[in-house]
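Asks: Quick one, fold the following:
(chains A, B, C and D)
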There are 4 protein chains.
Amino acid sequence: MDAGTSFFGDLLGTIAERGRALLDIGRERRPAGAIRAAGIADLCERLLSGRGEASGVALAQEILVAYRTLRTGERVAFFETLANDFGPDAARLEAALAAHVKAPSTRTVAELHGASEPRRQELVRRLNLAPGATGRLVAMRADLLDALARRPDLADVDRDFVHLFTSWFNRGFLVLRRIDWSTPASVLEKIIRYEAVHEIRDWNDLRARVDSPDRRCYAFFHPALVDEPLIFVEVALTRDIPEAIAPILEAKRTPLDPANAKTAVFYSISNCQTGLGGVSFGNFLIKQVVEEISREFPKLTNFVTLSPVPRFRAFVEAERANPASAVLTAEDRAALDAFEAGTGDDEARRTLRPVIEALAAHYFLVARSAKGKPLDPVARFHLGNGARLERIDPFGDLSPRGMKQALGLMVNYRYVLDDIEKNHEAFFDRGTIVASPQVKKLLRADSHPVPAVREAAG
Amino acid sequence: MDAGTSFFGDLLGTIAERGRALLDIGRERRPAGAIRAAGIADLCERLLSGRGEASGVALAQEILVAYRTLRTGERVAFFETLANDFGPDAARLEAALAAHVKAPSTRTVAELHGASEPRRQELVRRLNLAPGATGRLVAMRADLLDALARRPDLADVDRDFVHLFTSWFNRGFLVLRRIDWSTPASVLEKIIRYEAVHEIRDWNDLRARVDSPDRRCYAFFHPALVDEPLIFVEVALTRDIPEAIAPILEAKRTPLDPANAKTAVFYSISNCQTGLGGVSFGNFLIKQVVEEISREFPKLTNFVTLSPVPRFRAFVEAERANPASAVLTAEDRAALDAFEAGTGDDEARRTLRPVIEALAAHYFLVARSAKGKPLDPVARFHLGNGARLERIDPFGDLSPRGMKQALGLMVNYRYVLDDIEKNHEAFFDRGTIVASPQVKKLLRADSHPVPAVREAAG
Amino acid sequence: MDAGTSFFGDLLGTIAERGRALLDIGRERRPAGAIRAAGIADLCERLLSGRGEASGVALAQEILVAYRTLRTGERVAFFETLANDFGPDAARLEAALAAHVKAPSTRTVAELHGASEPRRQELVRRLNLAPGATGRLVAMRADLLDALARRPDLADVDRDFVHLFTSWFNRGFLVLRRIDWSTPASVLEKIIRYEAVHEIRDWNDLRARVDSPDRRCYAFFHPALVDEPLIFVEVALTRDIPEAIAPILEAKRTPLDPANAKTAVFYSISNCQTGLGGVSFGNFLIKQVVEEISREFPKLTNFVTLSPVPRFRAFVEAERANPASAVLTAEDRAALDAFEAGTGDDEARRTLRPVIEALAAHYFLVARSAKGKPLDPVARFHLGNGARLERIDPFGDLSPRGMKQALGLMVNYRYVLDDIEKNHEAFFDRGTIVASPQVKKLLRADSHPVPAVREAAG
Amino acid sequence: MDAGTSFFGDLLGTIAERGRALLDIGRERRPAGAIRAAGIADLCERLLSGRGEASGVALAQEILVAYRTLRTGERVAFFETLANDFGPDAARLEAALAAHVKAPSTRTVAELHGASEPRRQELVRRLNLAPGATGRLVAMRADLLDALARRPDLADVDRDFVHLFTSWFNRGFLVLRRIDWSTPASVLEKIIRYEAVHEIRDWNDLRARVDSPDRRCYAFFHPALVDEPLIFVEVALTRDIPEAIAPILEAKRTPLDPANAKTAVFYSISNCQTGLGGVSFGNFLIKQVVEEISREFPKLTNFVTLSPVPRFRAFVEAERANPASAVLTAEDRAALDAFEAGTGDDEARRTLRPVIEALAAHYFLVARSAKGKPLDPVARFHLGNGARLERIDPFGDLSPRGMKQALGLMVNYRYVLDDIEKNHEAFFDRGTIVASPQVKKLLRADSHPVPAVREAAG
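Replies: Have a look, this model is predicted:
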């Protein structure tokens, strides 16, 4: 890192410091008499008015601090106000419509666009004037998402947050950082907290995942969000494509010399910010991490995931419950029953393996949701990113959670940089599930794969 | 600066490095056969389509690199394409209008808003996926502004750039940095280049302005813009409020011990990025610098500018050309004639001083544009920010430029933190020019100040 | 932190990176056939010779890597070689002596100095050429200190290490850094490991000590020692001078708003590097931390320690074992017996308190070692630094360790910046124990304080 | 650069800040009544005494500040005091000698060593306690070197400075940094100022040398020396080994794409700190830069210098002045006369070239100083470092300076990493000048090369 980089590096330091100061509730002057939702709405009107311009930073800060003092119900009331009173300016919209109807032109369309913009968009932009505001607005949206479950009428407000966040958290503004043992503890504790796939038990477990020669962890950060990773991925360097998660998480394993690694395994991807739900980073993260790791280890040839199959059990159970299932044979049913009854001994597994494989092939390659999509959300994510379904791992995750979700099933998706775009297009244009030949071979002869299953080059 | 700050600091370093690599034209692979405006438009369509998603970063980069190879005419052609082919989706808009007319609801308004959004907005957001893209988009808009002079039909395109830049360059994302002698040369050279008020002659002159104990320089930066200040201000610490610029710029002056300073003088504010024209930072910059300097030197009591008066000469000449001028007396005319004829000796100055003062008072307090605004753009900026007009300095800038623009006149605006908001409101709500008593006293008895001239508390 | 600072900041980054690479044993090429102590000695001779100059860095690295492969016995053998074969050059010394005897001059004295310098000093300086060498040499001395316990003949070798380390770790080269929650985990784990006074149980306990608003932790670092604090101090901000350690270490305490703090308590000081034993930093650390904290909290008025009294129990037991003790009365003996027999109820404590106080006053103010020094090593450290003995805290540390070492006794030493020098001089010149009036009042009438007990200004 | 690196990076930042504050004379409290040399000596005694320990930092600072107020004569007086009053402790030395004579042992030798150490060594170590002291002590030695020219009796004092600086500025403590256009201006201006071989005319010239794709500049820094490079080297990346300096310094040259470079040319090496004269860094610098550049451009195959020959003209003139010269033929004399008389036209050059080549071959390979060393100091440096003499460049530097020093002659030394050690040994053990075959061929048949001229492998 050269000196100039440092200079700009310090820029962010400055943001971070300011932000931290503001976020530190201990140092805040609380509003003397609590300003409640209504009062905040008044401040918001003021901030939106020309009059608020000179003191915008202070007003924005006041509103954000006041918001934090609100109780849940008051927050919902505030969102209602945003929904009802900070929508588009009705008079302006009416005029714009009238003008457009009278003599349409690019001008009238532009005015239509401006007039139909909910005023809360500009409000949120102005709230962002305050130091540390971005983080607070993300937190505000997390509250909003909570409320949304019971209050679908707030969806318009949410749409505006998503619109702004999508622009602010544009990939061009994100920064990829490696997370390791020299990362500040304040960030590391968030990695522990936000890990959503395979729980990090404690600091030792964390260290094993970020500070072993054959492990890597990367996260996206945004300059305006202090100490807060947006999304992170954990990577294991291995010789072969792994078929189970336990050896990867094993605390006492002997690390592999990364010079001997052939494969990079993305075994956990976690979004960190509830308030950024719907703003997608994972696609970019995986691709950039593939590039980073390729640069560090040019000999790696496989970039794969080891992924959960969260809806597989539900799919199987539905078939089991259906006496007329075309998918399950009597033998399948027996094997499944034996597996669940028994203690999972080797014999039972041996019998079960081909059953799971065939069911999994069906689940991924044939079954479709009402909308015609694959049933599996993780599959939708990786296939949509341009990966292909590489391998079925019947006993990949025998943890209680793995059993409960997927009868132990895991799968590998594989990222081949040169194929990403065509795989992505095949998936979106034609609904093709790109899968390796070995996966496709698992389909039983009587299955009727949807025509779009496309042969991936080995 | 603590370690955590550094960590986040390095984030930016990373952006800077990536950006620099991309911006370095030497390293770019030029498109083999030049992709011209039309070809770029195709790529843009592709980037906007779902198909472009998987390879968005690469596509965006390809477009931006290709754009740089275009000649001026081709760039204008590209902007035309943006104007004509990347406006709102006509069919979608029509449908949205029909639905709204049929049964208006917040839903239909939202769809109206979405449908009327020019597709180029999303295009520009996607172009920003590429590393270093933000800087390139700012440069693209600078090209657009050039074209706009002769092509008012591109104004819609420009409006979209401004809309996005206003969101991206929100004050919440800007970082204030002091510029001094330990700043990287790559930034300092830009300070030299961008200084727009009082030219910086060479590196020695620069050093005198940033590396003297009684001088400060601050700039706003944006995390995604490599090495590029957005706006900067030069500050002199002085005992008294200065009445002329020459002593401040004097190379051989003896620096004042800042412990003895009473006054911080903002003597030069320069915007750096043509492509960010219309996105306003100056207001925030001044206020934050006042805070920074107050913290460093708690004894400072005056925060003033020493500002040019760019339209003053034009105003005076118009009055001189008007035989019926109610502003100029015969004595005034004689004094002005003598001043211009003579060599500016002390006697001539002594005679001229009250004339200039009276004319300046009229110019600021009485004269108004057709829209009812003050004639002076610098006055509009500072008064709009909540400053007051503090003092008239008749011979503040006797340089050729100062004489040409303003007959040597400069003025001081004063920022009193506690008054900023009410001054700002007075200016915007009632058109009041807030001025010090001493300025108002300069108005001749027969002048008829517009009623709104408001008394500033001394 | 300004940009220039960053530039120089990065310098150290560079050292750190290089050092880490070297220290990472995994990446080292081990000598093919183990080079044993004798082989290393040959390399050392080569490094000292002119011939080694061109490849000094590589040779030094080879030696340091080879040293790490040695087993304990071989390391001792290597130290023996240093002692026997890398002393002063005998012939040169003889010649220098002869010349000096013949015609003494500053020249001959200088040559005497040069000739009597053990060659191992230059050897160690040249070993330091290798990247990361400084840390390895510190580790080497830790081995030497181990060996020294049984091998007093290696003391000469140790003296040379101390001589060089004292020069290299000169206070002018040390850097004070605050340790907090944004410090890299790699440093924090060392704080946990090196804490020698009040054990840090886990990461939560650590966080409570470094990340509460009323806690501070500072450490000295040396540019050439990667990730390694040299010494650190933990500080609590409190209202009053504390009389017990438990409330300070209490996990669930409510933090004090530091704005209300009057007192900074140094409650734990730990040296980190065994290999730097005998090179003293504590004195400088305390004074600089006093300065730092004063700057952050100008209202603090008390800077005190809460210190253990590690030899107090031994002192008391010796008196108890001595039937003729002039220090213990029969009542004292009874109270002590009751305290140890009983469960330490309030009544027992009330009785014991004046006994402990009187014994402590005697222990500090009257008792002296054979060399005429205070018995207590912690007292020698703080009094030697210019602090005064401020208060006796009879039940300051009721932990098993506190009971075992000191019957629960703790004391406060107080640092008053203006008195430090005269206290220090009084202690060193006249052996005066500077103590507060309240401590001196605890001395029983029949005690005969050594005359030098000096009244501290309240 | 990872976060941990930053953490340690900041360490240095801290030093830099402290140092800058101290060095900033404007902020210093000058001693009220000037403390003159004698007064300073008293303070030094105090600093050395045990009494000074508690206030060592403050005392050291006071002394260093006071020293700066001394005039030249007073400074010399201070050095005299160091020479006379801060030598070894005479009584202790006498006792040590007596003890050693009586019963010599490692103990008595150690005491002899300690007793013969001039007290000023410890004094300088203690002066280094003050923040920013290292830089001031380096400046103090620069004063001492000035004085030394007329006061050889101060040589003992100088020897002690060199001894300490050699230890403090051990290669293990130095940091290599690239200098480029993002380096702080405060460092860059020093590169301009310290360039000693080929003057840097202005900032544009500087930029051409540090900011072109085919140029590099590296410097060594020491953590405790603020903003101050110790030594730097300028490197040009070229296709072939250059035979003249002008094309390299040419302002308007077209940069070479570094991907096409075969050769790295070290065309200027400058020591920066007068006060560090005699402490050698160049050897390490060249080797580390070779490593850095090799890593960046693995295809480079030649690492050469383009070096001046500072004593060549003097050598030639001596031969010309010697009518009996065995080196010069009548034709040589005529060619030299013609060259100097004429305007250096092509014809004259063509005639002169073989003459210069033969003389140069003689100068390097045959001629020797009274001590048996090569006459050329630059040759002694590079050959001593293990380079070989690669090529003679007769018209390498036709600038006035190049003509005056060396009749335009330059040479290339070549660094082949694998040969460095054996070349170095050949030079030091046997006085061998390692030269390429093409250089040796230039020796005339009647020259009698010293036997040690060794054949370098092509």
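
Asks: Point out the residues in the stretch 351-458 of chain A that sit beside chain B.
Replies: Taking C-beta under 8 Å from any C-beta of the partner chain as the contact definition, the stretch 351-458 of chain A meets chain B at A:385, A:386, A:420, A:421, A:423, A:424, A:425, A:428, A:429. Where you see a C-beta, it was placed from the backbone N, CA and C, and this is true even at glycine.

Asks: ok, now how distant is the residue most central in space within chain A from chain D?
Replies: Centroid-nearest residue in chain A, with C-alpha atoms, centre = their mean: residue A:271, separated by 4.3 Å. For residue A:271, the distance to chain D (C-beta to the nearest C-beta, to the nearest Å) stands at 22 Å.

Asks: check contacts around the nearest residue to that residue once chain neighbours are set aside.
Replies: By the measure of C-beta to C-beta, 6 or more residues apart in numbering or on different chains, the closest residue to residue A:271 outside its immediate chain neighbours is residue A:231, 5.0 Å from it. Contacts for residue A:231 (C-beta atoms under 8 Å, 6 or more residues apart in numbering or on different chains) come out as A:219, A:220, A:269, A:270, A:271, A:272, A:281, A:282, A:285.

Asks: will you turn the residues you listed into CSV that also has secondary structure?
Replies: Shown next, in CSV, are the contacts of residue A:231 (DSSP: H, G, I helix; E, B strand; the rest coil):
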residue, secondary structure
A:219, strand
A:220, strand
A:269, strand
A:270, strand
A:271, strand
A:272, coil
A:281, coil
A:282, helix
A:285, helix
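
Asks: Pick the one among these closest to residue A:291.
Replies: residue A:285 (11.0 Å; C-beta to C-beta).

Asks: neighbours around that closest one, how many?
Replies: Residue A:285: 24 surrounding residues under other C-beta atoms under 10 Å in any protein chain shown.

Asks: thinking it is in contact with residue A:220, fair?
Replies: Yes: counting by C-beta atoms under 8 Å, residue A:220 is a contact partner of residue A:285 at 5.7 Å.

Asks: Over stretch A:284-298, what's the mean pLDDT, rounded is fine.
Replies: The average pLDDT within stretch A:284-298 is 92.

Asks: Quickly run through the sheet partners of the host helix or strand of residue A:264, with directions.
Replies: Secondary structure assignment for residue A:264, by DSSP states H and E: strand A:263-271. Strand partners for strand A:263-271, identified by DSSP bridges, are recorded as strand A:231-238 (antiparallel), strand A:302-305 (parallel).

Asks: Make CSV out of those and add mean pLDDT and distance to residue C:225.
Replies: Output for the strands paired with strand A:263-271, formatted as CSV (pLDDT from 0 to 100; distance: least, C-beta to C-beta, whole Å):
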stretch, mean pLDDT, distance to residue C:225
strand A:231-238, 97, 30
strand A:302-305, 97, 38
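
Asks: and stretch A:179-195 with chain C, contact?
Replies: Yes: Stretch A:179-195 lies within reach of chain C by C-beta under 8 Å from any C-beta, at A:181, A:182, A:183, A:184, A:185, A:186, A:188.

Asks: Contacts only, for the fifth one.
Replies: If a contact means C-beta under 8 Å, 6+ apart, then residue A:185 has C:181, C:182, C:183, C:184, C:185, C:188, C:203, C:207 as its contacts.

Asks: What confidence value was assigned to the fifth one?
Replies: Residue C:185 is assigned 95 on the pLDDT scale.

Asks: Equivalent analysis for residue A:42, please.
Replies: Residue-level pLDDT assigned to residue A:42 equals 89.

Asks: next one: the one 10 residues further on
Replies: Reading off the confidence values, residue A:52 has pLDDT 65.

Asks: Residue A:411 in helix, strand or coil?
Replies: Per three-state DSSP, residue A:411 ends up strand.

Asks: Contact partners for the most far-flung residue of chain A relative to its centre?
Replies: In chain A, counting by C-alpha atoms, centre = their mean, residue A:102 sits farthest out from the average C-alpha position, at 45.8 Å. Under the criterion of C-beta under 8 Å, 6+ apart, the contact list for residue A:102 is empty.

Asks: Residue A:292 reaches residue A:217, doesn't it?
Replies: No: Residue A:292 sits out of contact with residue A:217 when judged by C-beta under 8 Å, with a separation of 11.5 Å.
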